[in-house]
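Engineer: sequence isn't available, so here's the structure alone:
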Ligand code: AMP
């Protein structure tokens, strides 16, 4: 059901202080307003905006956080060069339903001497968890901290980061956090490349070759529908990626909830892919139709 915003102001209020954010959200909820939350690392694109718009149709107020979270980057990853563009980000969500932009400083999220981390096992174990040790602990820790600062009714995440949605849902369930998790579809460029803040790193040739990730997923879906065995499909994906010059980190068909090999039919599966083009690492996935 579409909601009507009480205030028609297009400009979101920018908040840096977690206590102020917390007070504002609780006050809104106290007035009976449903509050949505979209956590991001900024450099906002149409994928992020789609989450904000979905939140705005389902909620009365929407908080969008912008925080480049240092603890989810490994040593040698792109934390320092990650794009930061607060002004453009404010413009990107102005008029799209954002009530607040929560842009905290790092020491408001991680106070000096901070010694606490959240570690999720289960869905965090394989794939990104294996290749980026500590990544999902950083994600879980910051998302939990952000949920405490923004006590929303519902938080919106993109299916683009499928494994991350599983990790967040597991943390919410295990810790009994009082927030609903909504997962929204991946928004793509016209040529199929999943939108990502990291696409900005791609030079002309790498940008062209980056479509191989989505192409490999489309090939996987076709082969899956044709009933081909999982190992053959995975090999087809890897071959296609390699043929386009993508260094493959993984190309896998797994159960979409457990991330383990899919059960015999009926299986609700997902195709996951990660690869590198030069120094840029990209991930993508596609939910496969049930077969059986
Ligand atoms: P990030 O800023 O990359 O941490 O992403 C913030 C949120 O936006 C996460 O929930 C992502 O899954 C989601 N997101 C990123 N890219 C897309 C996309 N292309 N389509 C939909 N959601 C996305």
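Structural biologist: Here it is on my side, so go on. For clarity, every value in this text was computed on a predicted model and none was experimentally measured.
Engineer: what's the pLDDT at residue 23?
Structural biologist: pLDDT, residue 23: 98.
Engineer: what secondary structure does it sit in?
Structural biologist: For residue 23, the assignment made with DSSP: H, G, I helix; E, B strand; the rest coil gives helix.
Engineer: mind listing what residue 108 touches?
Structural biologist: Listed by CB atoms under 8 Å, 6 or more residues apart in numbering, the contact set of residue 108 reads 16, 17, 18. (C-beta placed from N, C-alpha, C; glycine too.)
Engineer: double-check that it belongs to a helix.
Structural biologist: Yes - assessed by three-state DSSP, residue 108 belongs to a helix.
Engineer: so how far is the ligand from it?
Structural biologist: Distance of residue 108 to the ligand, computed by CB to the nearest ligand atom, to the nearest Å: 18 Å.
Engineer: next: residue 44.
Structural biologist: Residue 44 sits 8 Å away from the ligand when distances are taken as CB to the nearest ligand atom.
Engineer: one more: residue 63?
Structural biologist: From residue 63 to the ligand the distance is 13 Å (CB to the nearest ligand atom).
Engineer: got a pLDDT number for that residue?
Structural biologist: Looking at residue 63, the pLDDT reads 98.
Engineer: isn't it right up against residue 152?
Structural biologist: Yes - counting by CB atoms under 8 Å, residue 63 touches residue 152, with 6.4 Å between them.
Engineer: number of nearby residues for whichever residue of the stretch 51-200 of the chain sits closest to the ligand?
Structural biologist: In the stretch 51-200 of the chain, the residue that lies nearest the ligand is residue 158 (2.3 Å; CB to the nearest ligand atom). By other CB atoms under 10 Å, 22 other residues sit near residue 158.
Engineer: beta partners for it?
Structural biologist: Counting by DSSP bridges, residue 158 is bridged to residue 184.
Engineer: before we move on, back to that, of residue 63 and residue 152, who's got more company?
Structural biologist: Comparing residue 63 with residue 152 by other CB under 10 Å, the one with more neighbours is residue 63, at 30 against 26.
Engineer: A strand includes the more buried one, no?
Structural biologist: Yes - checked against three-state DSSP, residue 63 lies within a strand.
Engineer: so how far is the helix or strand where residue 250 lies from its chain's centroid?
Structural biologist: Using DSSP states H and E, residue 250 falls within strand 247-255. Distance of strand 247-255 from the chain centroid (CA atoms, centre = their mean, to the nearest Å) equals 18 Å.
Engineer: could you list the buried residues of that strand?
Structural biologist: For strand 247-255, a neighbour-count test (16 or more other CB atoms under 10 Å) marks 248, 249, 250, 251, 252, 253, 254 as buried.
Engineer: same question, stretch 263-277
Structural biologist: Neighbour-count burial for stretch 263-277, counted by 16+ other CB under 10 Å, picks out 267, 269, 270, 271, 272, 273, 274, 275, 277.
Engineer: among the residues you listed, which lie within helices?
Structural biologist: Cross-referencing these against helices under DSSP state H gives no overlap.
Engineer: around the ligand, which positions in the chain sit nearby?
Structural biologist: 40-41, 47-48, 50-51, 157-158, 160-161, 184, 186-187, 194-197 (CB under 6 Å from any ligand atom).
Engineer: pull out the buried members of these.
Structural biologist: 40-41, 47-48, 50-51, 157-158, 160-161, 184, 186-187, 194-197.
Engineer: for stretch 116-125, measure first residue to last.
Structural biologist: Taking CA to CA, to the nearest Å, stretch 116-125 runs 20 Å from one end to the other.
Engineer: how far away is residue 50 from residue 30?
Structural biologist: As for residue 50, its distance to residue 30 is 29 Å (criterion: CB to CB, to the nearest Å).
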